[in-house]
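K.L.:
okay, structure incoming, though there's no sequence with it:
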């Protein structure tokens with residue numbers, strides 16, 4: 001009998017027995033009190049005798065004990081393990097959530113929104129199940145049987161110790177070592193030990209060149225923003241893969257990485273081949289592959305938009321939107337979010353091309369869609385409502401509708417503050433972002449004191465987050481210091497501006513040196529601010545020009561590079577040519 005049914009029956013029986021026992025005890029209390037009317041009534045009952053009441057009391061107590069034992073021990077004949085797959089997965093999720101929370105508290109992983117955190121746990125639950133199946137298939141070998149039992153019991157501490165020992169013991173066995181290293185990486189990932197997982201995946205791929213190991217390694221490196229390492233793993237896979245879905249997935253991921261590292265021609269080629277492959281797959285099986293077509297169209301549209309090919313971007317976004325609308329007719333719970341995301345992208349494009357009415361309409365529909373999703377699942381979608389409110393507020397601000405912009409920012413801030421009460425590490429970054437946006441509005445409307453207060457609160461939040469997770473949040477600390485430096489520079493407080501901009505550079509510099517692709521644009525902006533502060537404080541032009549040239553060398557974004565170059569051409573004429 002399923003455990004849930006067993007438990008339900010046992011609870012009902014225990015309630016009935018408890019009510020019966022209470023009734024008997026009330027009769028005994030009445031006898032002890034000696035109320036004449038009660039005694040007259042009970043003596044008239046044919047079943048009444050003290051012996052009957054005593055035996056009934058004993059029998060009910062014995063039955064209650066028996067039911068409790070039955071509930072405890074009768075679940076498919078297994079006393080120590082949950083009986084159903086649902087119970088097993090629930091226990092697995094609780095275990096993984098414990099590792100996740102511990103890693104987050106130690107600053108080993110960044111905080112996540114509720115939706116992202118749940119998706120990660122769901123994925124890892126599947127990874128653990130797959131690992132259990134693989135090890136169980138080898139359980140005829142004694143060490144594998146021991147590992148199988150540890151994984152079945154969800155003892156990841158014991159599994160890690162045993163698998164680490166296996167790796168050491170097999171250092172001389174070239175055939176089995178890559179497999180053991182890969183499984184060690186999976187166990188580290190299940191424990192949210194990301195750096196150790198990456199190292200194990202890397203060595204497994206380098207030793208064995210197994211495509212499955214290589215893809216997992218590349219995806220994980222990409223997740224950790226190790227762009228060059230991920231590219232170096234994906235590219236050889238294209239020489240190995242012949243299966244169209246494998247090639248398309250690899251090409252799509254490579255497209256994202258090429259785009260992030262400004263290899264734009266290669267990104268376009270990768271996206272193009274991936275899109276062509278997904279289209280062919282979708283012709284044969286649209287239910288399985290149309291969503292991949294839409295995702296890749298969104299990706300290539302982002303590239304077109306980023307390289308100012310607005311007509312091509314709009315066409316790709318429009319096709320992605322049409323696909324998602326079609327998919328949502330049959331399955332709105334899954335695909336409505338895709339509609340909202342593409343509408344957001346289209347709105348950004350419309351705004352960039354000064355089609356402000358169309359931008360507002362697209363943002364409005366996206367916001368309405370996210371509000372609808374949030375009604376059914378606020379934990380998953382309220383943060384998207386706040387993000388879209390931020391976007392539409394940016395539009396209002398850009399069109400001088402400051403009152404509407406402030407109202408949208410205020411609603412977004414209220415939502416994010418509310419979410420942050422329950423999950424501060426995941427949602428406080430959003431609070432800081434909205435504070436930064438509303439501070440920009442205050443600055444634009446000459447409400448300097450309110451702007452400074454909002455920037456300062458955002459900075460305090462980000463400093464706090466960076467104490468626990470410096471790699472994730474120190475760039476945001478540097479960004480907010482730079483915002484304050486800009487504000488101080490505009491209001492003639494050049495000494496404070498220089499102090500904040502210099503601190504921002506000092507914080508970001510080691511991160512930029514380690515990963516210039518990721519942090520180059522922010523470093524360029526900070527150096528640009530320092531150059532402007534030099535000019536505002538009447539320092540020698542050579543000092544400002546040196547900072548501007550450093551900014552140009554750091555920047556990756558083409559528009560940013562162009563703006564810096566124009567600044568250099570105006571203020572540092574000797575640099576031309």
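P.N.:
Perfect, thanks for sending it. Remember, it's a predicted structure, so these values are computed and weren't measured experimentally.
K.L.:
show residues contacting stretch 180-199.
P.N.:
Contact partners of stretch 180-199, identified using C-beta atoms under 8 Å, 6 or more residues apart in numbering, comprise 96, 99-100, 102-104, 108-109, 124, 127-128, 131, 134-135, 156, 159-160, 163-164, 166-167, 170, 200-201, 203-204, 207-208, 210, 213, 216-217, 220-221, 224, 226. From N, CA and C alone the C-beta is placed, and that goes for glycine too.
K.L.:
filter the residues you listed to the buried ones?
P.N.:
When burial is judged by neighbour count using 16 or more other C-beta atoms under 10 Å, the buried members of the contacts of stretch 180-199 are 96, 99-100, 103-104, 108-109, 124, 128, 131, 134-135, 156, 159-160, 163-164, 166-167, 170, 200-201, 203-204, 208, 210, 213, 216-217, 220-221, 224, 226.
K.L.:
out of these, list just those in helices.
P.N.:
The members of those that map onto helices under DSSP state H are 96, 99-100, 103-104, 124, 128, 131, 134-135, 156, 159-160, 163-164, 166-167, 200-201, 203-204, 208, 213, 216-217, 220-221.
K.L.:
report the angle between the host helix or strand of residue 178 and helix 211-223.
P.N.:
Applying DSSP states H and E as the criterion places residue 178 in helix 177-190. Angle of helix 177-190 versus helix 211-223, following axes from the mean of the first three to the mean of the last three C-alpha atoms, to 10 degrees, is 40 degrees.
K.L.:
average pLDDT across helix 177-190?
P.N.:
Averaging the model's pLDDT scores along helix 177-190 yields 95.
K.L.:
what of stretch 30-37?
P.N.:
In this model, stretch 30-37 carries a mean pLDDT of 69.
K.L.:
phi, psi for residue 193 please.
P.N.:
Dihedral angles of residue 193 (phi, psi; degrees, to the nearest 10) stand at phi -100, psi 80.
K.L.:
just the terminal-to-terminal distance for stretch 348-361.
P.N.:
End-to-end distance of stretch 348-361 (C-alpha to C-alpha, to the nearest Å): 11 Å.
K.L.:
quick one: it to chain centroid distance?
P.N.:
Counting by C-alpha atoms, centre = their mean, to the nearest Å, stretch 348-361 is centred 28 Å from the centre of its parent chain.
K.L.:
tell me the domain ranges of this protein?
P.N.:
Here the chain is described, according to automatic domain parsing, as comprising the domains 3-76, 484-577.
K.L.:
do you know which of these lies nearest residue 279?
P.N.:
When the domains of the chain are compared for distance to residue 279 using C-beta to C-beta, the nearest one is domain 484-577, at 29.1 Å.
K.L.:
was I right about residue 266 contacting residue 256?
P.N.:
No. With contact defined as C-beta atoms under 8 Å, residue 266 and residue 256 do not form a contacting pair (11.5 Å).
K.L.:
now the strands for this structure?
P.N.:
Using DSSP state E, the chain contains no strands.
K.L.:
which one is the spatially most central residue of it nearest to, not counting chain neighbours?
P.N.:
When the chain is reduced to its mean C-alpha position, the closest residue under C-alpha atoms, centre = their mean turns out to be residue 116, at 3.3 Å. Leaving aside its sequence neighbours, residue 116 sits nearest to residue 426 (C-beta to C-beta, 6 or more residues apart in numbering; 8.0 Å).
K.L.:
same check, this time on residue 351
P.N.:
Using C-beta to C-beta, 6+ apart and skipping the chain neighbours, the partner closest in space to residue 351 is residue 359 (4.2 Å).
K.L.:
show me the contacts for the one you found.
P.N.:
Contacts of residue 359 (C-beta under 8 Å, 6+ apart): 347-348, 350-351, 395.
K.L.:
can you do 10 Å?
P.N.:
By C-beta atoms under 10 Å, 6 or more residues apart in numbering, the residues touching residue 359 are 346-353, 391-392, 394-395, 398-399.
K.L.:
also residue 434?
P.N.:
386-387, 389-390, 393, 408-417, 454, 458.
K.L.:
those in helices, which ones?
P.N.:
Per DSSP H, the subset of these in helices is 386-387, 389-390, 393, 408-417, 454, 458.
K.L.:
pull out the buried members of those residues.
P.N.:
Buried residues within the ones in helices among the contacts of residue 434, defined by neighbour count using 16+ other C-beta under 10 Å: 386-387, 389-390, 393, 408-409, 411-413, 415-417, 454, 458.
K.L.:
of these, closest to residue 299?
P.N.:
Ranking these by separation from residue 299, with C-beta to C-beta as the measure, puts residue 387 on top at 19.0 Å.
K.L.:
right, and the closest one touches residue 416 too?
P.N.:
Yes. Residue 387 sits in contact with residue 416 when judged by C-beta atoms under 10 Å, with a separation of 9.3 Å.
K.L.:
how near is residue 49 to residue 37?
P.N.:
In this view, residue 49 and residue 37 are 20 Å apart by C-beta to C-beta, to the nearest Å.
K.L.:
also residue 491?
P.N.:
Residue 491 sits 90 Å away from residue 37 when distances are taken as C-beta to C-beta.
K.L.:
out of these two, which sits in the busier spot?
P.N.:
Each of residue 491 and residue 37 has its neighbours counted (other C-beta atoms under 10 Å); residue 491 has more, 15 against 8.
K.L.:
let me know the pLDDT of residue 576.
P.N.:
The confidence metric pLDDT takes the value 47 at residue 576.
K.L.:
how about residue 1?
P.N.:
On pLDDT, residue 1 comes in at 47.
K.L.:
re the thing from before, got any residues that touch both of residue 387 and residue 416?
P.N.:
430, 433-434.
K.L.:
can you redo the residues you listed as TSV with distance to residue 30 and pLDDT?
P.N.:
Shown next, in TSV, are those (distance: C-beta to C-beta, whole Å; pLDDT from 0 to 100):
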residue	distance to residue 30	pLDDT
430	64	91
433	69	92
434	67	95
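K.L.:
need those residues in JSON lines with distance to residue 515, can you?
P.N.:
What follows is these, written out as JSON lines (distance: C-beta to C-beta, whole Å):
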{"residue": "430", "distance to residue 515": "23"}
{"residue": "433", "distance to residue 515": "21"}
{"residue": "434", "distance to residue 515": "27"}
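K.L.:
for residue 496, state which of those residues is nearest.
P.N.:
Looking across the shared contacts of residue 387 and residue 416 and measuring by C-beta to C-beta, the closest to residue 496 is residue 433, at 23.1 Å.
K.L.:
and the closest residue to residue 63 other than its chain neighbours, how far from residue 68?
P.N.:
Setting aside the residues directly before and after it, residue 63 is nearest to residue 17 in space (C-beta to C-beta, 6+ apart), at 5.6 Å. According to C-beta to C-beta, residue 17 and residue 68 sit 10 Å apart.
K.L.:
ok, now which ones touch residue 204?
P.N.:
Residues touching residue 204, when contacts are defined by C-beta under 10 Å, 6+ apart, comprise 167, 177-186, 210, 212-214, 216-217.
K.L.:
thanks again, I'm all set now.
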